[in-house]
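Undergrad: Show me how the following folds:
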Amino acid sequence: MSHSLLFKILRFSGLPWLFREVLQRRRVTILLFHDISRETAARTFDYLAAKYHLLDLQTFLRQRRTNDGHFPPKSLILTFDDGHIRNYELLSLIRARRIPVTIFLCAGLVGTKRHFWFRHNRSGHRSSHLRTVSNAQRLRLLQQAGFTQETEYDTPQALTKRQIEEMKGHVDLQSHTLFHPSLPRCGLQEVRQEIGHSREILSREYGLQVNAIAYPHGDYSDRDIELCRQAGYHCGMTVDCGYNTNSTDLFRLRRLSVNDTEDLNELIVKASGLWEFLKTKLRPQRGFGWTDRVED
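TA: A predicted model of the protein is given here:
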């Protein structure tokens, strides 16, 4: 059975409606996107705005800090990771529809012509494998294949400084480290730099108020969370599946990935949490999330 047919069957099974109206009603759902087209974004925003209450991340954090605890039914936060240059094409939609969006920026890549290592990976090693080795080894393997994270190429892959200046009055722009490593695979000084210096750059060079971080690949450890606290962040985004409540650890906020799908049926199923629920039941071992493996 094709994936598209499966998502269509699941959509019309009534289960997404049940998840949305029962499980999500009193919880806050956070969705994860990366690099969707303007056309896909228009369909996505229209559907989500009709079925959920779109909530701004900063409003969520303020209410958590004041212990207000009264979020609108079916609250949904939209987040984008990395700061891909095509995110700029969504600005007109965001402004016209007044869609609250948070984009987590790789501070070492935005405003440059450096490339995302996982999009420029010609090492012969799968990106999923490279994030499981030490950060030093990952960088060596990439360098052997002709890639360094400081190299400037002909065209940018991340948002430019001009684009960020235009977007920052309409989009919540936060940190996704400097160069998108797996934090638990970084040495102590590396992870401090990735966490702290990214916040400093975004604040100093772009005038952003940075209080949130998304862990690259969703990988994090207790050490990384403590360093985020020390650096001045108020929350951290994982890709651990599930919804959020007033008791959810702010540095372990859960998100549902919709895989930048163009298929409305897939979006409906994944946004409801049904897909992650089924995946967890069928394959409980996950390839990301909390780890106690930390490079010294």
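Undergrad: Give me the buried positions along the helix ranked longest in the chain.
TA: Longest helix of the chain, by residue count under DSSP state H: helix 38-51. Residues of helix 38-51 classed as buried: 40-42, 44-45, 48, 51 (neighbour count, 16 or more other Cβ atoms under 10 Å). No exception for glycine: its C-beta is placed from N, CA and C like everyone else's.
Undergrad: Listing request: residues of the chain with sub-threshold pLDDT.
TA: For the chain, the stretches with pLDDT under 70 are 68-69, 283-296.
Undergrad: need the helices for the protein, in chain order.
TA: For the chain, the helices defined by DSSP H occupy 3-11, 15-18, 38-51, 57-65, 91-97, 127-130, 135-144, 161-167, 188-192, 198-206, 222-231, 264-272, 274-282.
Undergrad: What is the longest one packed up against?
TA: Judged by 3 or more Cβ pairs under 8 Å, 6 or more residues apart in numbering; DSSP states H and E, the packing partners of helix 38-51 are helix 91-97, helix 264-272.
Undergrad: Please apply the same query to the second one.
TA: Using 3+ Cβ pairs under 8 Å, 6+ apart, the elements in contact with helix 15-18 are helix 264-272.
Undergrad: returning to that earlier point: tabulate the buried residues of helix 38-51 (a markdown table), appending distance to Ser123.
TA: A markdown table is the format used below for these (distance: Cβ to Cβ, whole Å):
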| residue | distance to Ser123 |
| --- | --- |
| Thr40 | 30 |
| Ala41 | 32 |
| Ala42 | 36 |
| Thr44 | 33 |
| Phe45 | 36 |
| Leu48 | 37 |
| Lys51 | 42 |
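Undergrad: quick one: which of the residues you listed is nearest Tyr206?
TA: Tyr206 lies nearest to Ala41 out of the buried residues of helix 38-51, by Cβ to Cβ, at 22.8 Å.
Undergrad: rewinding a little: give me the distance from the longest helix of the chain to the chain's centre.
TA: 18 Å (Cα atoms, centre = their mean, to the nearest Å).
Undergrad: ditto for stretch 214-227
TA: 13 Å.
Undergrad: next one: stretch 131-145
TA: The answer for stretch 131-145 is 23 Å, by Cα atoms, centre = their mean.
Undergrad: re the thing from before, now, of the helices and strands packed on helix 38-51, which is deepest in the fold?
TA: Stretch with highest mean neighbour count among the helices and strands packed on helix 38-51: helix 264-272 (a mean of 22; mean count of other Cβ atoms under 10 Å).
Undergrad: if we can go back for a sec, in JSON lines, list the helices and strands packed on helix 38-51 along with distance to Leu6.
TA: Output for the helices and strands packed on helix 38-51, formatted as JSON lines (distance: least, Cβ to Cβ, whole Å):
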{"stretch": "helix 91-97", "distance to Leu6": "29"}
{"stretch": "helix 264-272", "distance to Leu6": "9"}
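Undergrad: which stretch among those helices comes nearest Lys8?
TA: helix 264-272 (4.7 Å).
Undergrad: Pull the residues that contact the closest one.
TA: Here helix 264-272 makes contact (Cβ atoms under 8 Å, 6 or more residues apart in numbering) with 3-4, 7-8, 10-11, 15-17, 19-20, 24, 29, 31, 43-44, 47-48, 52, 76, 256-259, 261, 275-276.
Undergrad: Taking their axis directions, that helix and helix 3-11 sit at what angle?
TA: Orientation check (axes from the mean of the first three to the mean of the last three Cα atoms, to 10 degrees): helix 264-272 against helix 3-11 gives 60 degrees.
Undergrad: Just the CA trace of helix 264-272, in CSV.
TA: Coordinates of each C-alpha in helix 264-272 appear next as CSV, following Å, rounded to 0.1, in the frame of the first residue of the first chain:
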residue,chain,number,x,y,z
LEU,A,264,-3.0,17.3,3.0
ASN,A,265,-4.1,13.9,4.2
GLU,A,266,-0.6,13.3,5.6
LEU,A,267,-0.6,16.7,7.2
ILE,A,268,-4.0,16.0,8.9
VAL,A,269,-2.8,12.7,10.2
LYS,A,270,0.6,13.9,11.5
ALA,A,271,-0.6,17.1,13.0
SER,A,272,-3.1,15.2,15.1
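Undergrad: what about that helix, distance to the chain center?
TA: 17 Å.
Undergrad: Do me a favour and get the end-to-end distance for stretch 61-81?
TA: Across stretch 61-81, the terminal residues are separated by 19 Å (Cα to Cα, to the nearest Å).
Undergrad: Go ahead and confirm His170 touches Leu93.
TA: No - using Cβ atoms under 8 Å, His170 makes no contact with Leu93, being 10.4 Å away.
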